[in-house]
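Coordinates for the following, if possible.
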Amino acid sequence: MLPAKTARTRSVGTKLSEEEYARLEALASQRGLTVGEWVREVVLKAGELQPASAAEQTLLSEVLALRAILINTVYDLASGDGMTPERMKELIAKADAGKLGKALERLKETGTASKIQR
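You can find the predicted model right below:
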C-alpha cells in the first residue's frame, strides 16, 4: 500500500470489448473493488513471483525423478554395467524417494516454493 501522501500520477491503458469490460467489472465487484483498483492489484501482482502450486510442485518432482532415472541409466549403460530389471527398480525407487524434496529445493532456489508442501 502507498503512504497516504503519495499521489498516483501515472496511468496505463488498454482497449476492451464490451464483453471483456463486463468481465472485469464482475471480477472487481466480487472483490468489492472498482475496475481501476482491481486492475492495479492484478497488474502489480503479475510482476511478482508467484508460489508454485501443488500441481506445479508435483510436475517438477516427476520431471526431476525421470531426469535422475535417465542419467543413471545412461551412466550404467555407458560404463558397461548394463541394465537389469532389479537395477531399474532400484533407480526408480531412489528417484521416487527424493523427488518431492528435490523439487521443493529447486523451487526454493528460485523463490517460487509454495507453502503447500507434503
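
Now do the same for the residue nearest the centre of the chain: its pLDDT.
Nearest to the geometric centre of the chain sits Ala52, at 3.2 Å (Cα atoms, centre = their mean). pLDDT, Ala52: 79.

right, and it touches Thr112 too?
Yes: using Cβ atoms under 8 Å, Ala52 is in contact with Thr112, at 4.7 Å. Any C-beta I mention is one placed from the backbone N, CA and C, and that applies to glycine too.

Work out for me the element the residue nearest to the centre of the chain sits within.
Following DSSP states H and E, there is no helix or strand that holds Ala52.

can you check the one 4 residues further on too?
Counting by DSSP H and E, the element that carries Glu56 is helix 54-78.

neighbours around Leu33, how many?
The number of residues packed near Leu33 is 15, by other Cβ atoms under 10 Å.

meant to ask about Lys99, not that
Residues near Lys99, counting by other Cβ under 10 Å, number 20.

Then Met83?
That count, for Met83 with other Cβ under 10 Å as the rule, works out to 13.

that older thread, going by contacts, tell me the helices and strands next to the helix holding Glu56.
helix 85-110 (3 or more Cβ pairs under 8 Å, 6 or more residues apart in numbering; DSSP states H and E).

just how off-centre is the helix it packs on within its chain?
18 Å (Cα atoms, centre = their mean, to the nearest Å).

got the angle between it and helix 54-78?
If you take axes from the mean of the first three to the mean of the last three Cα atoms, to 10 degrees, helix 85-110 sits at 130 degrees to helix 54-78.

For helix 85-110, name the packing helices and strands.
Checking 3+ Cβ pairs under 8 Å, 6+ apart, helix 85-110 ends up next to helix 54-78.
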